[in-house]
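In: Build me a model:
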Amino acid sequence: MNNISQLTILTIGLVVGGLAYTAWEHLSVRSFPALDVNPGTYEARAAGPVLIRKATLMDGLGGQFENTDILLEEGKIKQIGKALSVPSGANIIEGAGKFVTPGLIDVHSHLGVASLPYGTGDVGVWDVNEGTSAQTPEVHVEHAIWPQDPSFSASLSGGVTTLQVLPGSSNLFGGLGVVLKNIPSVTAQAMKFPGAPYGLKLACGENPKNYGMEGQAPGSRMGNMAMQRQAWVDARGYAEEYRDGDRQRDLGMEVLAGALRGDVKLHVHCYRADDMANILDMAREFNLQIAAFHHAVEAYKISDLLVRDNICSAVWSDWWGYKLEAFDGIKENAAFLEAAGACVVLHTDFPVLAHMMNVEAAKALAAGQEAGIEMSEAEALSWITINAAKVLGLDDRIGSLEVSKNADVVLWSGDPFSIYSKAELVFIDGVEVYDIKDGDSWRNSDFMIGQPAREDMSND
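Out: Next up, the predicted model:
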């Protein structure tokens, strides 16, 4: 074969391959109905203007501003500055000596699906895992959310305005999570954050390989990786066949194909550095973008890889040692990652932390400062505000105090990095949804029977 004919064949191959690639890239996620089964019904309530005056503002971006006003109007942050004029009919709140922050964001919650109160083996309120198979990308956590979970109220009292509820980590692919606004509701649909991307939960390490103890695959870390890689191969083939009309619908494949397209965020439960490095290799193999490694107790060991691939780590302040793969966790994890230039987020995972994200941030900051990392409280606030919003793909709408962003705002009694400070007022889209001094504003659940009366609690 001469050089011309070889060149011709090569050119044809590149063109055909390019067409196939282009067709794949332009395959709309809306072709896969499994990604939008429950239309959200959230509508922000109307609210008049609110002016908080002379407070200390921590903007979530690392800035702190004393004696500053902030105006909330029509669901947005309207103005920020000194001595702002008072709009007609505004609710004026005196903020002297108090702090204002963006609403806090929890990127890893199981509220509503691992609900409190619950007893050991109580299947009535435990819907966090579909444990019948190692791979269940087709399930939606929103189909199991119980809005009466009392922990929603607890998290709101701690300033959490947005949370991503994820399936658990027993599966290689655990299913789709959902982003919620932390408002009282009868249905999960009425809590869904409009336009928020879905997140797919993956897991590596110890949890999914436990299926081997039940006589199922996987039974090792080798099996974990092989099965996940094969699933991505199958999803590519499915998408191409579905596009050509040659394939019946498969709900799980639709979800994975959406993730290959980049329309579904990937959230990976992973502890050990070597496990995370393997996931990074898989991501490069299939051109995937990981939104965040969750728990990531050894992320400090691979900060250079996380910076290289622009991946966030959603971590605890100091949890470690409760299973083998958590033994190398250190309380300086978040601060060391920050110092290395990596993206850091703090999460809760367990409902007992739902109302104290600010305290978790304070603990992680203190550990870093004790280790010699120079960092301010205003900078550490980004771990539970703007960085969390970036992980969810919502940083253009929430996560910082900036004009035109959603008016998700918390007024604190004092420095939010002090354990003595409380969230006094919480606003979502400019609507006051929590007032520590007004028991009638508190979100209540039928399952809080036997707790102190609201009147007793409001007078504490």
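
In: wait, doesn't residue 324 sit right on residue 205?
Out: No - using CB atoms under 8 Å, residue 324 is not in contact with residue 205; the gap is 9.6 Å. For glycine as for every other residue, the C-beta is placed from the backbone atoms N, C-alpha and C.

In: Please say which of the two ends up with more neighbours.
Out: Neighbours of residue 324 and residue 205, each counted by other CB atoms under 10 Å, are more numerous for residue 205; the result is 24 against 11.

In: ok now do the more buried one, which residues does it touch?
Out: 221, 224, 269-272, 275, 325 (CB atoms under 8 Å, 6 or more residues apart in numbering).

In: Give me the nearest residue to it, chain neighbours excluded.
Out: Closest residue in space to residue 205, ignoring its immediate chain neighbours: residue 275 at 4.8 Å, by CB to CB, 6 or more residues apart in numbering.

In: ok, now which ones touch that neighbour?
Out: Contacts of residue 275 by CB under 8 Å, 6+ apart are 204-205, 221, 325.

In: what stretches of this structure score poorly on pLDDT?
Out: 1-31, 33-34, 117-124, 447-460 (pLDDT under 70).

In: The same query, at a cut-off of 90, please.
Out: Applying pLDDT under 90 to the chain picks out residues 1-39, 115-126, 148, 150, 212-214, 239-249, 351-352, 439-460.

In: what's near enough to touch the residue nearest to the spatial centre of the chain?
Out: Geometric centre of the chain, nearest residue: residue 107, 2.0 Å, by CA atoms, centre = their mean. Counting by CB under 8 Å, 6+ apart, residue 107 touches 163-164, 267, 292, 294, 314, 345, 347, 388, 391-392.

In: rewinding a little: figure out the helix or strand that the residue nearest to residue 205 lives in.
Out: helix 273-285 (DSSP states H and E).

In: Show me what secondary structure element comes after that helix.
Out: Next along from helix 273-285, by DSSP H and E: strand 290-295.

In: Next, the angle from that next one to helix 273-285.
Out: 170 degrees (axes from the mean of the first three to the mean of the last three CA atoms, to 10 degrees).

In: Let me know the secondary structure of residue 314.
Out: strand (DSSP: H, G, I helix; E, B strand; the rest coil).

In: what's the burial count for it?
Out: 30.

In: quick one: it and residue 157, what's the gap?
Out: When distance is defined by CB to CB, to the nearest Å, residue 314 is 22 Å away from residue 157.

In: Also residue 67?
Out: Separation of residue 67 from residue 157 (CB to CB): 27 Å.

In: So which of these two has more stuff around it?
Out: Comparing residue 67 with residue 157 by neighbour count (other CB under 10 Å), the higher total belongs to residue 157, at 18 against 13.

In: ok, the more buried one touching residue 355?
Out: Yes - the criterion here is CB under 8 Å, and residue 157 meets it with residue 355 at 5.5 Å.

In: Now do the contacts for residue 125.
Out: 114-115, 118, 146, 149.

In: Report the separation between the closest residue to residue 94 other than its chain neighbours and residue 72.
Out: Spatial nearest neighbour of residue 94, excluding adjacent residues (CB to CB, 6+ apart): residue 53 at 5.9 Å. Separation of residue 53 from residue 72 (CB to CB): 12 Å.

In: which of those two has more neighbours?
Out: Between residue 53 and residue 72, counting by other CB under 10 Å, residue 72 is the more crowded of the two (27 against 18).

In: coming back round to it: any chance of the contacts of residue 107 in CSV with secondary structure and distance to residue 431 as columns?
Out: Listed next are these as CSV, based on DSSP: H, G, I helix; E, B strand; the rest coil; distance: CB to CB, whole Å:
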residue, secondary structure, distance to residue 431
163, strand, 17
164, strand, 21
267, strand, 29
292, strand, 29
294, strand, 30
314, strand, 28
345, strand, 26
347, coil, 26
388, helix, 21
391, helix, 25
392, helix, 21
